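Peer 1: For reference, the sequence and a predicted model appear below.
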Amino acid sequence: MRRNRNAKIVATLGPASSSPETIRQLFLAGVDVFRLNFSHGTHADHAARVETIRAVEREFGRPIAILIDLQGPKLRIGTFADGPIVLAKGAQFRLDLDMVAGDQRRVSLPHPEIFAALEADTTLLLDDGKIQLRVKSFGPDFAETEVIAGGKLSERKGVNVPGAILPISPLTAKDRRDLDFGLSLGADWVALSFVQRADDIDEARALVRGRAAIMAKIEKPAAIVELDAIVQRADGLMVARGDLGVELPPEQVPTLQRTILHACRREGRPVVVATQMLESMITTPVPTRAETADVAAAIYEGADAVMLSAESASGQFPVEAVSMMDRIICQIEKDPHYRGLIDNHHFEPKPTSADAICVLLRNAAHIVGAKATITYTFSGSSSLRAARERPEAPILSLTPSVTTARRLAIVWGAHSVRATEAVDEKTMTDLACKAAIREGFAQPGDNVVIAAGVPFGVSGTTNLLRIAKVWPTTTPD
């Protein structure tokens with residue numbers, strides 16, 4: 001089950017895509033990573049989906065990653081006594097901790113942490129930014145505001161505080177329960193919502209305890225301020241453009257997307273571009289031309305993966321959306337300009353043996369016309385460093401660890417395969433050449449370039465480069 005592309009596809013499962021047959025069709029259409037959104041569905045729903053995913057994995061013998069996405073804190077206003085209200089521009093409106101139902105003049109905001117973070121002239125956004133309020137005065141339990149952009153306001157709508165760092169954890173009590181359950185199911189990645197600081201990653205890592213990789217969702221302006229530190233501490237990032245576009249002017253989002261992608265490329269962290277990529281395919285069988293260009297832009301920038309949300313979770317055409325995403329990626333990666341753009345975004349290697357080996361891996365593969373760059377890895381670090389270089393030849397990643405194989409399913413160019421544990425260089429080379437033939441990357445007589453770490457089985461020791469010819473005597477097991 002080799003994909004003929006480098007960028008990966010993440011698809012969200014939901015009511016429209018939870019049957020075993022649909023999940024199987026989604027995989028065949030091109031899904032590499034399945035996302036379980038814990039903002040919706042029951043634990044029983046998610047457990048059934050995981051069981052089906054693992055059955056598909058066994059059927060096709062290709063590692064599939066499971067990403068659980070935690071809901072994070074949801075900040076909402078309270079209720080109104082007589083239904084929705086209409087706020088006029090210039091009107092005065094009060095937010096407070098009083099749980100009495102609201103009216104035209106006030107409504108409860110049961111989040112003292114918001115009041116604690118306010119400053120004069122702070123902007124508050126309600127209902128995904130449709131309502132904008134400016135704080136005129138405030139205290140520990142209230143805020144008097146002026147309506148800057150008005151309109152209809154219903155109860156329990158969300159509240160955003162752009163630019164403010166709120167003194168709350170990204171993990172609610174619900175998130176902690178969901179995290180424990182998701183890890184018990186064997187989740188490979190955990191997407192952490194509401195990340196504001198690099199310390200938020202440390203809090204999550206202490207709970208995960210190595211059982212999954214951590215993906216920081218960049219959806220708050222505060223996270224942009226600490227972007228470099230977050231990239232260093234997280235295992236991967238997600239550009240959550242929907243929420244980011246609520247708290248920031250929409251025209252800033254494309255620039256920030258590019259900034260985040262480049263920061264992740266520099267450090268060799270996988271990065272996913274998400275939200276509204278093929279939004280119109282929720283209700284129509286084909287996307288708009290603007291949406292296809294949006295997906296293309298992420299691929300040209302070197303994103304590791306692009307993600308479908310409602311398109312695959314609740315849309316009318318989930319399989320068609322994945323198939324369309326697959327076709328867009330394949331078309332862009334065939335464009336002669338694609339390789340030029342990818343090569344122009346190279347970063348200086350760090351003074352480590354791993355970076356030195358993986359730079360040589362890329363260059364050697366180009367010089368000898370290798371059909372594959374092969375990494376033999378236990379922790380996945382060799383494959384991650386190889387992917388950072390974006391080699392021309394596909395990356396065949398061999399690992400004895402099923403956990404590592406699954407986590408690498410989200411990484412650009414990495415075709416991950418489980419392999420028996422190597423005890424010496426000769427065994428490793430033989431395993432690599434056999435896998436290259438078996439997986440359809442090479443034929444007898446072709447060159448391959450192999451990177452690994454010695455001693456074998458020790459994480460983070462990439463220090464070996466080998467150019468090998470696949471001889472006719474090398475046959476699949």
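Peer 2: That came in fine, so what should we check first? Source: prediction; values computed, not measured.

Peer 1: tell me the helices in the stretch 1-150 of the chain, going along the chain?
Peer 2: For the stretch 1-150 of the chain, applying DSSP state H, counting those that start in this stretch gives helices covering 20-29, 43-60, 112-116.

Peer 1: Quick check: which helices or strands does the second one pack against?
Peer 2: If I follow you right, that is helix 43-60. helix 20-29, strand 33-37, strand 65-69, helix 173-184 (3 or more C-beta pairs under 8 Å, 6 or more residues apart in numbering; DSSP states H and E). All C-beta spots, glycine's among them, are computed from the backbone N, C-alpha and C.

Peer 1: Could I get the helices of the stretch 1-150 of the chain in JSON lines, plus columns for mean neighbour count and mean pLDDT?
Peer 2: Formatted as JSON lines, these follow (neighbours: other C-beta atoms under 10 Å; pLDDT from 0 to 100):
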{"stretch": "helix 20-29", "mean neighbour count": "18", "mean pLDDT": "98"}
{"stretch": "helix 43-60", "mean neighbour count": "16", "mean pLDDT": "98"}
{"stretch": "helix 112-116", "mean neighbour count": "16", "mean pLDDT": "95"}
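
Peer 1: who wins for proximity to Ala298 among these?
Peer 2: Nearest to Ala298, of all the helices of the stretch 1-150 of the chain, is helix 20-29, at 18.7 Å by C-beta to C-beta.

Peer 1: could you give the angle of the closest one to strand 33-37?
Peer 2: 130 degrees (axes from the mean of the first three to the mean of the last three C-alpha atoms, to 10 degrees).

Peer 1: Dump the C-alpha coordinates for helix 20-29 into PDB.
Peer 2: Extracted in PDB, the C-alpha atoms of helix 20-29 (Å, rounded to 0.1, in the frame of the first residue of the first chain):
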ATOM      1  CA  PRO A  20     -16.300   0.000   9.000                       C
ATOM      2  CA  GLU A  21     -16.900   0.200   5.200                       C
ATOM      3  CA  THR A  22     -16.600   4.000   5.000                       C
ATOM      4  CA  ILE A  23     -13.400   4.000   7.100                       C
ATOM      5  CA  ARG A  24     -12.000   1.300   4.800                       C
ATOM      6  CA  GLN A  25     -12.900   3.400   1.800                       C
ATOM      7  CA  LEU A  26     -11.400   6.500   3.300                       C
ATOM      8  CA  PHE A  27      -8.100   4.700   3.800                       C
ATOM      9  CA  LEU A  28      -8.100   3.400   0.200                       C
ATOM     10  CA  ALA A  29      -8.900   6.900  -1.000                       C
END
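
Peer 1: May I have the secondary structure class of Ala452?
Peer 2: strand (DSSP: H, G, I helix; E, B strand; the rest coil).

Peer 1: Check whether it really touches Ser382, as I assumed.
Peer 2: Yes - with contact defined as C-beta atoms under 8 Å, Ala452 reaches Ser382; the gap is 6.5 Å.

Peer 1: any shared contact partners between these two?
Peer 2: 375-376, 462 (C-beta atoms under 8 Å, 6 or more residues apart in numbering).

Peer 1: Got a PyMOL select line for the buried ones in those?
Peer 2: Listed next is the PyMOL selection for buried residues among the shared contacts of Ala452 and Ser382, using 16 or more other C-beta atoms under 10 Å:
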select buried, resi 375+376+462
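
Peer 1: neighbour count winner among Ala452 and Ser382?
Peer 2: Neighbours per residue, other C-beta atoms under 10 Å: of Ala452 and Ser382, the larger number sits with Ser382, 31 against 24.

Peer 1: Check for me that that one belongs to a strand.
Peer 2: No - the assignment for Ser382 (three-state DSSP) gives helix, which keeps it out of a strand.

Peer 1: so what's it up against?
Peer 2: 354, 357-358, 375-376, 397, 451-453, 462.

Peer 1: Go through the residues you listed and name the one nearest Asp175.
Peer 2: Closest to Asp175, out of all of those and judged by C-beta to C-beta, is Ser397, at 31.1 Å.

Peer 1: any idea how far the residue nearest to the closest one when sequence neighbours are not counted lies from Ser401?
Peer 2: Leaving aside its chain neighbours, Ser397 sits nearest to Ser383 (4.1 Å; criterion: C-beta to C-beta, 6 or more residues apart in numbering). Using C-beta to C-beta, to the nearest Å, one obtains 11 Å as the distance from Ser383 to Ser401.

Peer 1: residue contacts, Arg5?
Peer 2: So Arg5 contacts 326, 329-330, 333 (C-beta under 8 Å, 6+ apart).

Peer 1: Please apply the same query to Lys371.
Peer 2: Contacts of Lys371 (C-beta under 8 Å, 6+ apart): 393, 436, 441-443, 446-448.

Peer 1: With Thr275 instead?
Peer 2: Counting by C-beta under 8 Å, 6+ apart, Thr275 makes contact with 239-243, 307, 309.

Peer 1: where do the strands sit along the stretch 151-300 of the chain?
Peer 2: Using DSSP state E, counting those that start in this stretch, the strands of the stretch 151-300 of the chain run over 151-153, 159-160, 189-192, 213-218, 236-240, 271-274.

Peer 1: List the contacts of the first one.
Peer 2: Spelled out, that is strand 151-153. 77, 84-87, 107, 126-127, 130-131.

Peer 1: Would you list the strands that that strand pairs with, along with their directions?
Peer 2: With DSSP bridges as the test, strand 151-153 is paired with strand 85-87 (antiparallel).
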